[in-house]
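1. Build me a model:
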Amino acid sequence: MMALSWAKYCWPNEDWTHDSLLALHTTNKVLCGRHFASSQFYDDKRQKLSKFAVPDSTELDEVLAEKENILKQNIEQSASQLIPKIPF
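-> Modelled structure (predicted):
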């Protein structure tokens, strides 16, 4: 159930059926520790998550915003390269 909640939060436009959740689980075995508060880990090294760990939405929002900004910058760069330069 937690995987479903997290998947719906990260990718709200996807259809999260049992098969797609299973595929997500089997292809993504490593999670970024930035998404979790220190209290969600068993150890101080932040390597083993608690069984009931829940991503911190604040951290996740920051990561998603950062990715969105990078995407916008890439789009702007690509668009500026497509505009022909007219000599004056």
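2. hey, where'd the helices end up in the protein?
-> 2-10, 18-27, 57-82 (DSSP state H).
3. most tightly surrounded among the ones you listed?
-> helix 2-10 (a mean of 13; mean count of other Cβ atoms under 10 Å). For glycine as for every other residue, the C-beta is placed from the backbone atoms N, C-alpha and C.
4. residues in contact with that helix?
-> With contact meaning Cβ atoms under 8 Å, 6 or more residues apart in numbering, helix 2-10 is reached by 14, 16, 21, 24, 25, 52, 53, 54, 55, 57, 60, 64.
5. Turn these into a markdown table, including pLDDT and distance to residue 73.
-> Formatted as a markdown table, the contacts of helix 2-10 follow (pLDDT from 0 to 100; distance: Cβ to Cβ, whole Å):
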| residue | pLDDT | distance to residue 73 |
| --- | --- | --- |
| 14 | 82 | 25 |
| 16 | 80 | 30 |
| 21 | 78 | 32 |
| 24 | 76 | 28 |
| 25 | 73 | 32 |
| 52 | 80 | 37 |
| 53 | 80 | 32 |
| 54 | 76 | 31 |
| 55 | 76 | 25 |
| 57 | 67 | 24 |
| 60 | 63 | 21 |
| 64 | 74 | 15 |
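6. What is the nearest of those residues to residue 40?
-> Among those, residue 53 lies closest to residue 40 (Cβ to Cβ), at 4.0 Å.
7. Verify the stated contact: the closest one with residue 40.
-> Yes: under the criterion of Cβ atoms under 8 Å, residue 53 makes contact with residue 40 at 4.0 Å.
8. The helices of the chain: which one's closest to residue 46?
-> With Cβ to Cβ as the yardstick, what comes closest out of the helices of the chain is helix 57-82 (12.4 Å).
9. That closest one to helix 2-10, inter-axis angle?
-> Inter-element angle recorded for helix 57-82 and helix 2-10: 40 degrees (by axes from the mean of the first three to the mean of the last three Cα atoms, to 10 degrees).
10. Give the other helices and strands that helix 57-82 contacts.
-> Using 3 or more Cβ pairs under 8 Å, 6 or more residues apart in numbering; DSSP states H and E, the elements in contact with helix 57-82 are helix 2-10.
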